Every structure is written in structure tokens, then in C-alpha cells.
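1. Quick one: sequence plus predicted model below, questions after.
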2 protein chains.
Amino acid sequence: MTGIFTIGDAARESGVKVPTIRYYEEIGLLPSPPRTEGGRRAYGATDLRRLAFIRHARELGFEIDAIRTLLKLQDEPDQSCAAADAIARDHLAGVERRIASLTALRAELQRMVEGCSHGHVASCRVIEILADHGECAHHQGGRA
Amino acid sequence: MTGIFTIGDAARESGVKVPTIRYYEEIGLLPSPPRTEGGRRAYGATDLRRLAFIRHARELGFEIDAIRTLLKLQDEPDQSCAAADAIARDHLAGVERRIASLTALRAELQRMVEGCSHGHVASCRVIEILADHGECAHHQGGRA
DNA sequence: CTTGCTCCTCTAGTCGCTAGAGGAACTAGG
DNA sequence: CCTAGTTCCTCTAGCGACTAGAGGAGCAAG
């Protein structure tokens, strides 16, 4: 209604926690808003939009630095969007790598828990596989 | 051959970097080995096995705390392996959650980059989707 | 006017390492 | 025996992206 929001309002609106908003300001991702007489942050609708953008990008797993670039791009609508496209493509490639690696990992973990005979540790498949890398299909997998 | 290894040997054998081995010692994951006269760490075959176990578990994405528990279990072979099983199952569930979330994410990113018309930022699908959460299928997805 | 909420700043902690400084001790060659 | 190069030692600080908590001030309702 007013177009003026406290940090708490902003947090509720955007789903970003209050300390995180302050953190974003500190690292220069969100501009420092004007303050009220009492020294409190007074956000406007633009800030809320920016915050929603950040939140959504974070949800999609973009790193802060990538978001910084995307925000700069957003502020200059006449530029070619090749840069934004490249960032998204890059990120997509990373996500695909992680899915591949996690899928291999899942297979291995399934083998582990399925092989577990629920007896003693001495004959536990879980412990065994962990102890003996040779037994396992997971050679040279990347970090998940 | 000797059964005595320097930290460098241990690093080469296990694939765990030297500072990381020292770190594992510091946090009590790997026991402090005896030292040579010159004050250098002297590892035995048991330590190398433990280190390989740790490395493999880390590769599989287990957290340090989980590994700590698994190692304790490994040291007591008469215990039931229910605990180890539970840890592995838990971890598997987590991995499955991450795969699901990343798969949703991939779909969204694909939509993004496929929709990009390679024109100006003003009409860029990437920027648009990020700015407007409503346009996107990714509601309430967990962190990847 | 007091209660209780929100806000402020600041520091320190999380996880799992990684990087670098500054120095001591081994190893190989001359 | 000396030297050069490598490996080792300890220690502190940094990464990313927050999160937690202390200690205090403002502000709105009863």
C-alpha cells in the first residue's frame, strides 16, 4: 500500500530471511536503502523486486557472483542478452554434471543398503564397500 | 614395504591431500600417528586403510560426522550393523531428494535457455523468468 | 508506562577444506 | 662436508553463503 517496507516486511514478501537481506546489502548485492528517522531500513517496491529476483536465482542454484552479473544485465535492457544466456547455459551444464554424478552415487548407495544383511558389522556390506574401494563401481566420480 | 609412511606417501596412496590429512587429524577423524625423531608423522598400514575409508566415504558424499560414526562402527565388528545401514539409507534418501530437485531445476533452466531469443535483455527469457517467480514451475523446490 | 516485538550493529561460528607464511629437517649430487 | 631442492612442520587466515547470538534502541498496543 504505502510502498514503504521494513526489513521484516521485505523478508516476509520475498522469503529471504532478515539477516540474509542485511548480508546481501553488506556484500553489495542489494543497494543500501534509505533509513527512517529511527535508523531503520525503508525499502521500496524496486528493492522487493530485486530481492525476489535474487531469491529466485538462488533457488535455482545460481552463485552470488552470477546473480551480481545477471542483476547488472537486468539494469541495462538494451544490451544483448548473450551474457545472461551464457550464464544460464553454464549453470545448466553444471547442474547436468551434478545430476549425473548423483545418479551414479545413488546406484552405489542402493547396492550398499540392498546388500546389507542386517547382521553384524563384521559382515556389513555398507562398511565393506566403504573400506574397499576396489569393490565399488564408483571410480573417478566427481564431487556431488 | 616398510609399513612406515610419511604424510606425503599417505597422500599419494589415499588420494587425500596432505593438508587435508592434517585437518582430519585435527578434528579427530584420524588418530594422531607417532612421530619420527625429526617430528614427522609416521603412518602405518592401518592409518592408510582408515584414510582410504574416509576418502571413499567422502567421495560418496557422506558428511564428516556420519563418517565418524561409521568408523566407530567399523572398529567394533560384533555390533549390529543397523546403525551403519541407517546412515547409508539416510544418505541415500538425501541423494534422492537432491536428484529430484536438480532434475526439476534442469527442466527450468532448459526452458530458460531454449526460450532465449538472443536479442536484447529487455525481452530475455532468462532475465524474465528470474524476475518473475510466477512464470516458473519451480515453486517450493528444495535447495539443490 | 510497561510489555513485547522488531529493529539496529557487531562478532563469531558453520562445513570442509585450501592457501600461504615462515621455518626446520631430510635426500641427492658434487 | 656442503649445498640445493624437496618435503615436512606449525600457525593463521580465507572461501561461500549464510546463521546465531549478544547487547542495546525504538516503537506500537494495552
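-> Ah, there it is.

2. who touches the closest residue to residue A:11 other than its chain neighbours in this structure?
-> If the residues on either side of it in the chain are set aside, residue A:11 comes closest to residue A:18, at 4.7 Å by C-beta to C-beta, 6 or more residues apart in numbering or on different chains. Bear in mind the C-beta positions are built from the backbone N, C-alpha and C, glycine included. Residues near residue A:18 by C-beta atoms under 8 Å, 6 or more residues apart in numbering or on different chains: A:7, A:8, A:11.

3. On the pLDDT front, check residue A:18 for me.
-> pLDDT recorded at residue A:18 is 97.

4. any idea how far it lies from residue B:132?
-> Distance, residue A:18 to residue B:132, using C-beta to C-beta, to the nearest Å: 24 Å.

5. got it, and residue A:16?
-> Residue A:16 is 16 Å from residue B:132, by C-beta to C-beta.

6. packing partners for the helix or strand in which residue A:53 is found?
-> Using DSSP states H and E, residue A:53 maps to helix A:45-59. If contacts are counted by 3 or more C-beta pairs under 8 Å, 6 or more residues apart in numbering or on different chains; DSSP states H and E, helix A:45-59 sits against helix A:7-14, helix A:18-26, helix A:64-74, helix B:125-131.

7. chain center to stretch A:88-105, what's the gap?
-> 14 Å (C-alpha atoms, centre = their mean, to the nearest Å).

8. Over to stretch A:61-77?
-> 14 Å.

9. So is it next to DNA strand C?
-> No. Contact between stretch A:61-77 and DNA strand C is absent, the nearest approach being 14.1 Å (criterion: C-beta under 7 Å from any atom of the strand).

10. Any residue of that stretch touching DNA strand D?
-> Yes. Using C-beta under 7 Å from any atom of the strand, stretch A:61-77 reaches DNA strand D at A:63, A:64, A:65.

11. about what we covered before: what angle separates the helix holding residue A:53 from helix A:18-26?
-> Orientation check (axes from the mean of the first three to the mean of the last three C-alpha atoms, to 10 degrees): helix A:45-59 against helix A:18-26 gives 100 degrees.

12. ok now helix A:45-59, how far from the chain's centre?
-> In terms of C-alpha atoms, centre = their mean, the centre of helix A:45-59 is found 13 Å from the chain centre.

13. same thing with stretch A:84-93?
-> 14 Å.

14. And for stretch A:77-97?
-> Here stretch A:77-97 is found 16 Å from its chain centre; the criterion is C-alpha atoms, centre = their mean.

15. which one of the helices and strands packed on helix A:45-59 is the most hemmed in?
-> Each of the helices and strands packed on helix A:45-59 was scored by mean neighbour count; the highest is helix B:125-131, a mean of 23, by mean count of other C-beta atoms under 10 Å in any protein chain shown.

16. coming back round to it: of all the residues of stretch A:61-77 next to DNA strand D, which comes closest to residue A:40?
-> Each of the residues of stretch A:61-77 next to DNA strand D was checked against residue A:40 using C-beta to C-beta; the closest is residue A:64, at 25.1 Å.

17. Tell me who's in contact with that closest one.
-> A:27, A:29.

18. Spell out which parts of chain A neighbour DNA strand C.
-> Of all the residues in chain A, those lying near DNA strand C are A:6, A:7, A:8, A:9, A:11, A:18, A:19, A:22, A:39, A:40, A:41, going by C-beta under 7 Å from any atom of the strand.

19. any idea of the mean pLDDT for the helix or strand where residue A:112 lies?
-> Residue A:112 belongs to helix A:82-115 when assigned by DSSP H and E. Mean per-residue pLDDT for helix A:82-115: 88.
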